[in-house]
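**Q** Everything below, folded, please.
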Amino acid sequence: MKRSAILSRASPHLFALGIIALVTAVLFTLRDELNTTLVALLYLIPLGSITAFWGLGAGITSALAEFLMLNYLFIQPYYNFGVHQPADVLILAVFLIVAIAISQLVGRLQSGLAAATAREREATQLYELSTALAGMHDPKTIAEILSNHTQAVLRSEAVELNMRGIPPIICRLPDTNPPPRPPEWTVPIQLTEDILGEIRLWRAKPSLTAAEKQLLQIFASQGALAFERARLAQAESRTRILEESDRLKSVILSSVSHELRTPLSTIKAAASSLRGNEVSWESPARAELIAAIDDESDHLNILVGNLLDMSRIESGVLKPKREWNILPEIIGSVLARMKRWTGSYRIEVDAPENLPLVPVDYVQMEQVFTNLLSNSAKYAPEKSVIRIRAFVEGDLMHVILHNQGPHVPQDLLEKIFDKFFRLTATDRVTGTGLGLSICKGIIEAHGGRLWAENVTDGLAFNFTIPLKWEGMPPPKMPIDPEDE
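**A** From the prediction side, this is the model:
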């Protein structure tokens with residue numbers, strides 16, 4: 001091992017002496033045609049190249065060898081180191097000074113270039129690590145990126161990153177256990193006085209240089225900042241979620257409490273009147289009280305259903321139980337059930353019986369039409385027209401529900417589908433602000449799209465439903481024997 005190290009260190013000097021010997025042989029054959037000064041100048045050419053390729057040590061060795069060769073072979077008397085002419089002494093002195101100066105300058109240039117290259121490489125590696133860590137908020141992902149980058153840059157045998165916390169994070173490269181010997185270098189992942197973890201690195205050959213150790217410490221600092229950023233982002237996210245939950249809770253309490261109390265108060269008052277025998281059995285008021293209880297119970301059922309549907313949409317468990325259904329039947333069922341609410345409006349339906357079957361959840365589509373009709377009835381003036389039109393558009397079933405209510409500002413057409421969004425004050429129009437949001441969630445769960453647009457005489461809700469289900473087109477409608 002020692003002999004190989006000595007040979008490795010001596011090889012640049014041996015190569016340099018070999019080149020000087022080759023150059024000397026060429027110049028020696030031309031000695032009679034060249035004067036001493038020209039030979040000295042020609043000797044300087046390989047000197048600069050040797051220093052550039054093999055460093056300052058090889059350059060100094062070459063300068064001394066050229067000085068001796070110039071004196072021994074090219075200055076008379078030949079083949080000895082004696083100098084008889086003062087001019088020759090000056091030539092040798094100037095040559096030695098110039099040769100050493102050139103070696104020093106070229107050596108410094110090479111050292112500066114090597115340092116600049118090393119700094120550029122280090123800056124590039126830090127930039128790549130910073131770019132990879134930018135925007136990462138998952139501690140496990142940050143640990144994997146930091147470990148991969150450390151192993152790739154430092155060419156280590158193994159890397160182990162340990163992060164303290166609950167739960168702790170351990171990232172090893174390769175995935176197997178690290179070598180049984182102690183790590184060659186351990187760097188803490190530290191932020192001010194708080195030690196977050198550590199990086200352990202195994203690399204037997206070659207040993208880590210001072211620059212590589214410093215680079216690893218910088219990597220650890222970058223990792224500490226990334227872990228701290230992830231912790232702060234998670235804390236901010238939790239705070240934002242808590243604030244949003246508190247806001248939604250306040251909105252639900254203020255909205256739902258009012259909306260639930262109204263039908264409950266009506267039901268309670270009507271039931272108390274009937275139970276207290278304040279209304280005779282034959283009185284027409286009895287039928288009105290029973291109708292009020294029935295209507296408000298339906299209203300209460302819709303409110304509770306909307307809240308439950310929204311909770312299922314928010315949790316992602318609202319999965320349509322799709323079957324092939326007849327859309328006009330769904331529309332007819334909803335209109336029959338909502339006759340009391342829509343009795344003061346003129347309902348026009350344009351849904352031909354020959355429409356193809358649609359793959360939808362029957363109950364959920366009833367909920368969509370119920371909420372859209374309820375919204376239209378709240379905002380459109382009484383005795384106005386509510387139109388429902390259904391038609392095929394390519395591979396989609398397109399439904400338009402048009403009412404003669406007021407226009408919605410263009411910048412709010414998308415926002416009306418947000419939870420709890422209300423265009424008017426709650427004392428003017430009742431509701432929880434969930435109906436349209438639930439419609440949007442149901443339609444999107446069916447793979448469709450819901451939007452609103454202002455038309456000439458009111459507002460129109462549009463939604464589309466794909467007619468294909470699992471790649472299959474709608475089956476043919478069954479033929480009624482009476483129609484044959």
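**Q** shaky segments in the stretch 201-350 of the chain?
**A** Filtered on pLDDT under 70, the stretch 201-350 of the chain yields the residue ranges 244-262, 277-283, 299, 302-303, 305-318.
**Q** At which residues are the helices of it located?
**A** Here the stretch 201-350 of the chain has its helices, by DSSP state H, counting those that start in this stretch, at 210-275, 284-315, 327-337, 339-342.
**Q** for the first one, packing partners?
**A** For helix 210-275, the contact count by 3 or more Cβ pairs under 8 Å, 6 or more residues apart in numbering; DSSP states H and E identifies helix 86-133, helix 139-154, strand 185-191, strand 194-202, helix 284-315 as packing neighbours. The C-beta positions use only the backbone N, C-alpha and C, and glycine is treated the same way.
**Q** With mean neighbour count and distance to K476 added, can I get the helices of the stretch 201-350 of the chain in a markdown table?
**A** Listed next are these as a markdown table, based on neighbours: other Cβ atoms under 10 Å; distance: least, Cβ to Cβ, whole Å:
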| stretch | mean neighbour count | distance to K476 |
| --- | --- | --- |
| helix 210-275 | 15 | 44 |
| helix 284-315 | 15 | 33 |
| helix 327-337 | 16 | 15 |
| helix 339-342 | 14 | 32 |
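**Q** Can you say which of these is nearest to G18?
**A** Evaluated over the helices of the stretch 201-350 of the chain, closeness to G18 peaks at helix 210-275, with 31.7 Å, by Cβ to Cβ.
**Q** Now do the closest one and strand 185-191, the angle between them.
**A** Here helix 210-275 runs at an angle of 40 degrees relative to strand 185-191 (axes from the mean of the first three to the mean of the last three Cα atoms, to 10 degrees).
**Q** what number of residues lie near V385?
**A** Residues within reach of V385, counting by other Cβ atoms under 10 Å, total 14.
**Q** I figured it hits V349, correct?
**A** No - with contact defined as Cβ atoms under 8 Å, V385 does not count as touching V349 (11.3 Å).
**Q** can you pull the contacts of the spatially most central residue of the chain?
**A** For the chain, the residue nearest the mean C-alpha position is G135 (7.0 Å; Cα atoms, centre = their mean). Applying Cβ atoms under 8 Å, 6 or more residues apart in numbering to G135 gives no contacts.
**Q** Next up, phi/psi of it, please.
**A** Dihedral angles of G135 (phi, psi; degrees, to the nearest 10) stand at phi 80, psi 0.
**Q** The one 3 residues further on too?
**A** Backbone dihedrals for D138, given as degrees, to the nearest 10, come out at phi -100, psi 120.
**Q** Tell me if I'm right that it and A230 touch.
**A** Yes - between D138 and A230 there is a contact at 6.8 Å, judged by Cβ under 8 Å.
**Q** Flag the shaky bits of the stretch 1-150 of the chain, pLDDT-wise.
**A** 1-10, 48, 52-56, 71, 81-96, 98-99, 103, 106-107, 110-115, 118.
**Q** which neighbours do D138 and A230 share?
**A** By Cβ under 8 Å, 6+ apart, no residue touches both D138 and A230.
**Q** Compute the inter-axis angle for whichever strand or helix holds L373 and helix 327-337.
**A** Per DSSP states H and E: L373 is located in helix 362-379. Here helix 362-379 points in a direction 50 degrees away from that of helix 327-337 (the same axes, to 10 degrees).
**Q** how is this structure carved up into domains?
**A** As given by automatic domain parsing, the domain ranges for the chain are 2-116, 257-310, 318-473.
**Q** can you redo the ones you listed as JSON lines with distance to V187?
**A** Shown next, in JSON lines, are the domains of the chain (distance: least, Cβ to Cβ, whole Å):
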{"stretch": "domain 2-116", "distance to V187": "23"}
{"stretch": "domain 257-310", "distance to V187": "51"}
{"stretch": "domain 318-473", "distance to V187": "49"}
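**Q** Excluding chain neighbours, give the residue nearest to M397 in space.
**A** Distance criterion Cβ to Cβ, 6 or more residues apart in numbering; nearest residue to M397, sequence neighbours excluded, is I465 at 4.7 Å.
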